[in-house]
Every structure is written in C-alpha cells, then in structure tokens.
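**Student:** Build the 3D model from these lines:
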Amino acid sequence: METFFEALGLISLILLAGVGLLAGYLAGRIAGRNMALYLAVGVIAAIATPFILAAVGISVLAVGGILFLLAVGAVGALIVLALVRTIAARGK
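**Tutor:** Presented below is the predicted three-dimensional model:
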C-alpha cells in the first residue's frame, strides 16, 4: 500500500509540472518573449503552491483529491507568472 501512495505522489508532482509548463507556455505566448523564464517559473510555482498552502495550515488540499490539487497549482502558477510579467515590464 505504501508503494501505491508513493506512486500517487510522484504522479501528482508530474501532473503539477505539466500544469506549470502549460501555464508558463501560455504566459510566454502572451508576453511574446523570454519563454524559458515563464516555463521555469510556471513549473516551480505550480509545484510549490500546494506545499506552501499546506505549510501555512490549509489542509483542505488532502481532501480535494488530485483534480483540486492541480487546480490550486494552476492558480498559484498563474498568480506568480502575472507577478513576474509585471516585474519584467516594470524593469523595461
């Protein structure tokens, strides 16, 4: 049973990375430049968001399942990507 939960955790991380790549790709297409930055930030933000929320004490992620976890990762990645785009535009 332990192997099942380890595999489920690994699959969740892979799916979160995929969601982050998709969010980063969309942000890079909208921005029109620096695609590698947006892809990297999207992946990091999508993977980190559920961990940060769990560390803060929001434990509803465990109850919501994988789809809820992916939705939270996508929203977190989009928020961080919007901040990165704002900071990059300000530095221009």
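**Student:** which residues of the protein fall in helices?
**Tutor:** 2-31, 35-56, 61-90 (DSSP state H).
**Student:** now those in CSV, with mean neighbour count and mean pLDDT?
**Tutor:** Yep, even glycine has a C-beta here, placed from its N, CA and C like the rest. CSV is the format used below for those (neighbours: other Cβ atoms under 10 Å; pLDDT from 0 to 100):
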stretch, mean neighbour count, mean pLDDT
helix 2-31, 15, 84
helix 35-56, 18, 90
helix 61-90, 16, 85
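**Student:** residue nearest the centroid of the protein?
**Tutor:** residue 46 (1.0 Å; Cα atoms, centre = their mean).
**Student:** ok, now how distant is that residue from residue 90?
**Tutor:** 24 Å (Cβ to Cβ, to the nearest Å).
**Student:** One more: residue 41?
**Tutor:** Residue 41 is 16 Å from residue 90, by Cβ to Cβ.
**Student:** Could you do residue 45 as well?
**Tutor:** Separation of residue 45 from residue 90 (Cβ to Cβ): 19 Å.
**Student:** pretty sure residue 47 contacts residue 13?
**Tutor:** Yes: under the criterion of Cβ atoms under 8 Å, residue 47 makes contact with residue 13 at 6.5 Å.
**Student:** Overlap of the contact sets of these two?
**Tutor:** Here residue 47 and residue 13 share no contacting residue, scored by Cβ atoms under 8 Å, 6 or more residues apart in numbering.
**Student:** what's the closest non-adjacent residue to residue 39?
**Tutor:** residue 24 (3.9 Å; Cβ to Cβ, 6 or more residues apart in numbering).
**Student:** Might you report the residue contacts of that neighbour?
**Tutor:** 35, 38-43, 77, 81.
**Student:** Residue 26 now?
**Tutor:** Applying Cβ under 8 Å, 6+ apart, no residues contact residue 26.
**Student:** That one and residue 48, how far apart?
**Tutor:** Distance, residue 26 to residue 48, using Cβ to Cβ: 19 Å.
**Student:** related to what we said a few turns ago, ok, the residue nearest to the centre of the chain touching residue 69?
**Tutor:** No: in this structure residue 46 lies outside contact range of residue 69 using Cβ under 8 Å: 10.0 Å.
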